[in-house]
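In: Need the 3D shape of this:
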Amino acid sequence: MTFSLSPEPGAAPGDTRTAARSRVMRDGQDTGLLLPGLWLEAQFMVGSDALLFITHNVPYEEQLDLCLISAGNVLKDRLSLAWIYSTGIFSDARVVGKRSIVFSFFADAFWRVDVLPTPGWRLPLVSEPRGVWRRFGFKRRMVITRLPGMVSSSSPEGP
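Out: A predicted model of the protein is given here:
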């Protein structure tokens, strides 16, 4: 199963005046989902769900969206990593467990996302690490954690 993004008309890379959005395509067919962002950085299958990593191509304030999509093309959960005036570079993504992926974003900071098999409890405004944003709600399907002490392989310090 292969995903791709088809940018909506008027979604120019690097244009900060309008929020770029793209249609999600699965095996070349429109899923009916319209998500923020322009570049599909990575995709992973977690059970029957797909976890997409999408960036916006805004050089000095990059944002990374993690979108969990069901086999029936329903958006189950979405979270964003973003911080004002922070450059984020997505790299080093790898599977570390049956339902877990580790990746680097924000100045070589590593993050771990765990996909829950069923919706989990969440306390709005205090359940997420700094720089993580979600819609208001009490349930989540993804838990994200910043991993202290890990260094990216693209860092001058090495892996």
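In: does residue 129 really touch residue 146, like I thought?
Out: Yes: the pair residue 129 / residue 146 is scored as a contact, 4.7 Å apart, by CB atoms under 8 Å. Glycine gets a C-beta too; all of them are placed from N, C-alpha and C.
In: who's more crowded, these two?
Out: Legend: neighbour count by other CB atoms under 10 Å for residue 129 and residue 146, higher for residue 146 (17 against 11).
In: Check what contacts the helix or strand hosting that one and list those residues.
Out: If you go by DSSP states H and E, residue 146 is part of strand 139-147. The contact list for strand 139-147 (CB atoms under 8 Å, 6 or more residues apart in numbering) reads 51, 66, 68, 76-77, 79, 81, 102, 109-116, 119-122, 127-132, 134.
In: ok, now with 7 Å
Out: If you take CB atoms under 7 Å, 6 or more residues apart in numbering as the criterion, strand 139-147 is touched by 66, 68, 76-77, 79, 102, 109-116, 119-120, 122, 128-129, 132.
In: List only those of these flagged as buried.
Out: Among the contacts of strand 139-147, the ones that count as buried by 16 or more other CB atoms under 10 Å are 66, 68, 76-77, 79, 102, 109-116, 122, 128, 132.
In: distance of residue 125 from residue 116?
Out: 20 Å (CB to CB, to the nearest Å).
In: same check, this time on residue 92
Out: On the measure of CB to CB, residue 92 and residue 116 end up 23 Å apart.
In: swap in residue 140?
Out: Distance, residue 140 to residue 116, using CB to CB: 7 Å.
In: And the worst-scoring helix or strand of the chain on mean pLDDT, what does it pack against?
Out: In the chain, the helix or strand scored least confidently by mean pLDDT, DSSP states H and E is strand 132-133, which has a mean of 90. Contacts defined by 3 or more CB pairs under 7 Å, 6 or more residues apart in numbering; DSSP states H and E place strand 132-133 against strand 75-81.
In: and the strand it packs on, which strands flank it?
Out: Here strand 75-81 is paired, per DSSP bridges, with strand 64-69 (antiparallel), strand 132-133 (antiparallel).
In: can you list contacts of the strand ranked longest in the chain?
Out: Across the chain, the longest stretch assigned as strand under DSSP state E is strand 110-121. Strand 110-121 is contacted by residues 46, 49, 51, 66, 68, 99-105, 138-147, 150, 152 when judged by CB under 7 Å, 6+ apart.
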